[in-house]
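Student: give me a model of this one.
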Amino acid sequence: MMNKQYIKIITLSILLLVSICTQAQKVPQVRIIARADSLDGIQLRWAATNASAWKRCNQYGFKLVRYTVLRNKQLLEKPERKLIGQGVKPKPLEGWKTLAEKNSYAAIIAQALYGKDFDVGNTDTKGITKIIAQSQEQEQRFGFSLHAADMSFEAAKLAGWGLVDTETKRDEKYLYRIITAAPAHVLKPDTASAFISPAAYEPLPE
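Tutor: This next block holds a predicted model:
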C-alpha cells in the first residue's frame, strides 16, 4: 500500500498540472472579425478572450490600423497604412442612457462595465469565498457583455468593441489589425487581423 506522503505528492502534482493547463488556456488574446456591409463599408468587431484581458482592454482601449493591400486586383508595392481608431474604449456611463433605454443588450453591457454589483448568486463574502465570488462576478460581467455585444452591434460600438470603416472602396482590399493599448507591464501585447474587401458583401439569409 502506498504511504500517505507519496499519495499526497502525487495529488499535489496532479493539481499543479491541472492548474498549469488551465492557465495556458487563459492566455490573454484578442480576436477580430470583419464583414462588408451594403453601403460599401466594413463592419469590424473585436474582443479580448478572457475576463482579465477584457478588464484591462476596457481601461486602456484598442488601436485599430488599416493597411490597403490590393487596388484594382494589383498588389501594392508598399501597403498604405492608416490609423482609423486610437484609444477606442467604452463610452462613459452617461453616453449609454439613450441606447440602454430602448436596447436591453446595451443595458446589460452598461451594467457589466459600470454597475456596482453583478450578482452571481452568492451572498457569503468572507475569506476565500469572497475572492471566489469576485472572480465569478468578473467572469459573468465578461461573458454576459460579450454575448450582448454579439446581439447588438450598436451596443458593441458604444463599448469600444466595434467600428464601421466607411472610407473604403470596392476595388480595394484591406488588412485590419487590432492592437491592445494597454502597457506591456499590464497586459502582454497581442494583435489580431482580418483581411477583407467591401466587394465581399453578401446579404444575410432571410
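Student: any idea which helix or strand comes after the helix or strand of the chain with the lowest mean pLDDT?
Tutor: Within the chain, no helix or strand scores below helix 4-25, which has a mean of 48 by mean pLDDT, DSSP states H and E. The C-terminal neighbour of helix 4-25 among helices and strands, as given by DSSP states H and E, is strand 30-36.
Student: any idea which strand is longest in the chain?
Tutor: strand 74-88 (DSSP state E).
Student: and that one, what does it pack onto?
Tutor: With contacts defined as 3 or more Cβ pairs under 8 Å, 6 or more residues apart in numbering; DSSP states H and E, the packing partners of strand 74-88 are strand 62-71, strand 162-165. Any C-beta I mention is one placed from the backbone N, CA and C, and that applies to glycine too.
Student: out of those strands, which comes closest to residue 195?
Tutor: strand 62-71 (7.5 Å; Cβ to Cβ).
Student: and that closest one, how far out from the chain middle?
Tutor: 19 Å (Cα atoms, centre = their mean, to the nearest Å).
Student: what lines up beside it in the sheet?
Tutor: Sheet partners assigned to strand 62-71 using DSSP bridges are listed as strand 74-88 (antiparallel), strand 172-180 (antiparallel).
Student: residue contacts, residue 179?
Tutor: 30, 62-65, 189-191 (Cβ atoms under 8 Å, 6 or more residues apart in numbering).
Student: residue 45 contacts residue 162, doesn't it?
Tutor: Yes - between residue 45 and residue 162 there is a contact under Cβ atoms under 8 Å: 4.8 Å.
Student: what sits in contact with each of these two?
Tutor: With Cβ under 8 Å, 6+ apart, residue 45 and residue 162 have common neighbours 149, 153, 156.
Student: of the residues you listed, closest to residue 41?
Tutor: The closest of these to residue 41 turns out to be residue 153 (Cβ to Cβ; 12.0 Å).
Student: tally of neighbours for the closest one?
Tutor: Look at residue 153: counted by other Cβ atoms under 10 Å, it has 19 neighbours.
Student: the residue nearest to it when sequence neighbours are not counted - how many residues pack around it?
Tutor: Leaving aside its sequence neighbours, residue 153 sits nearest to residue 162 (Cβ to Cβ, 6 or more residues apart in numbering; 5.7 Å). Neighbours of residue 162 under the rule other Cβ under 10 Å: 21.
Student: give the contact list for residue 162.
Tutor: 43-46, 149, 153, 156 are the contacts of residue 162 under Cβ under 8 Å, 6+ apart.
Student: need the helices and strands packed on strand 74-88 in TSV with distance to residue 34 and mean pLDDT, can you?
Tutor: TSV is the format used below for the helices and strands packed on strand 74-88 (distance: least, Cβ to Cβ, whole Å; pLDDT from 0 to 100):
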stretch	distance to residue 34	mean pLDDT
strand 62-71	10	97
strand 162-165	9	96
